[in-house]
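**Student:** output the structure for:
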Amino acid sequence: METSIIISGFGGQGALFAGQLLAYAAMDSGKEVTWIPSYGPEMRGGTAHCTVVIGDEQIGAPLVRNPDCVIAMNLPSVDKYESLIKAGGRLVYDSTLIKRALRRDDIAATSVPAHDIALRCGSQQLVNIAMLGALIALCPLVELSAIEQALRTHLPQRHAELLRPNILALHAGAAYAEERKVASSQG
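**Tutor:** Modelled structure (predicted):
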C-alpha cells in the first residue's frame, strides 16, 4: 500500500522540514519513502510545499497528481490542493489562518488551531510540527515516537533549544486531532 502526502504553507513555515521528518520517520520504520521538495520563488513568501510518498513496497513514481492527504498551513495551500485530493482523502488545515468554508464534501477535513497550539508550546515556529502531529493521529502512517526520534536526530543544532517544544507541539497537535476524531464519531 502507498500513501501520498503534500505538506504546504508559506515559505518559512517549515513545510519542507515537516515533510523531511515524516520521510525520515517512515524510512527508520522500515517503509519505502520518497520526498520531493519544491524550491524556487515560492520560498520567498509564496506557497512552498513538499511531497512525501510512503509505501510498503518500492515506490514506482514519486510524483503525485492527486494526493491521499494534504496538510495546508495557509489559505493559498487550501486553494491549490483542496480540489486535487483523492475522493475519500484527508485535508488537515490550520483554522487560525483559513477561515473560508471548504468546497468538498467527499474528503475528510480536520481544522486544527495550529498557531494557538504552537504558541502554547512555546513558539510560532512549531505550527508545522503541530500540524504533522494532527495528521499522524488521523492517518497513522508511522508512530508518533518515530517522528520524535526523527526530531532528535534531524533537528538542526542551531535549533537545539526547540527540541522539547517541538515534541510538545507534536503531541499537542496529535491530541487535538484525536479529540476531534472521538467527538465526531460520537456526534
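**Student:** show me what the lowest-mean-pLDDT helix or strand in the chain is packed against.
**Tutor:** Within the chain, no helix or strand scores below helix 163-186, which has a mean of 88 by mean pLDDT, DSSP states H and E. In terms of contacts (3 or more Cβ pairs under 8 Å, 6 or more residues apart in numbering; DSSP states H and E), helix 163-186 is packed against strand 108-112, helix 114-121, helix 127-138, helix 144-154. Quick note: C-beta positions are derived from backbone N, CA and C, even for glycine.
**Student:** those: which one's closest to T34?
**Tutor:** Comparing the helices and strands packed on helix 163-186 by their distance to T34 (Cβ to Cβ), the top pick is helix 144-154, with 16.0 Å.
**Student:** mind listing what's buried along the closest one?
**Tutor:** 144, 146-151 (16 or more other Cβ atoms under 10 Å).
**Student:** same question for stretch 175-185.
**Tutor:** Buried residues in stretch 175-185 (16+ other Cβ under 10 Å): 176-177, 180.
**Student:** now it - C-alpha only, CSV.
**Tutor:** Output of stretch 175-185 as CSV, limited to C-alpha atoms (Å, rounded to 0.1, in the frame of the first residue of the first chain):
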residue,chain,number,x,y,z
ALA,A,175,-4.1,15.1,21.0
TYR,A,176,-6.2,17.8,19.4
ALA,A,177,-6.9,15.7,16.3
GLU,A,178,-7.6,12.6,18.5
GLU,A,179,-10.2,14.7,20.5
ARG,A,180,-11.8,15.9,17.2
LYS,A,181,-11.9,12.3,15.9
VAL,A,182,-13.6,11.0,19.0
ALA,A,183,-16.0,13.9,19.2
SER,A,184,-17.1,13.4,15.5
SER,A,185,-17.5,9.6,16.0
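**Student:** any idea how far that stretch is from the chain center?
**Tutor:** 17 Å (Cα atoms, centre = their mean, to the nearest Å).
**Student:** coming back round to it: save the helices and strands packed on helix 163-186 as CSV, and put in distance to R100 too.
**Tutor:** Formatted as CSV, the helices and strands packed on helix 163-186 follow (distance: least, Cβ to Cβ, whole Å):
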stretch, distance to R100
strand 108-112, 11
helix 114-121, 16
helix 127-138, 18
helix 144-154, 29
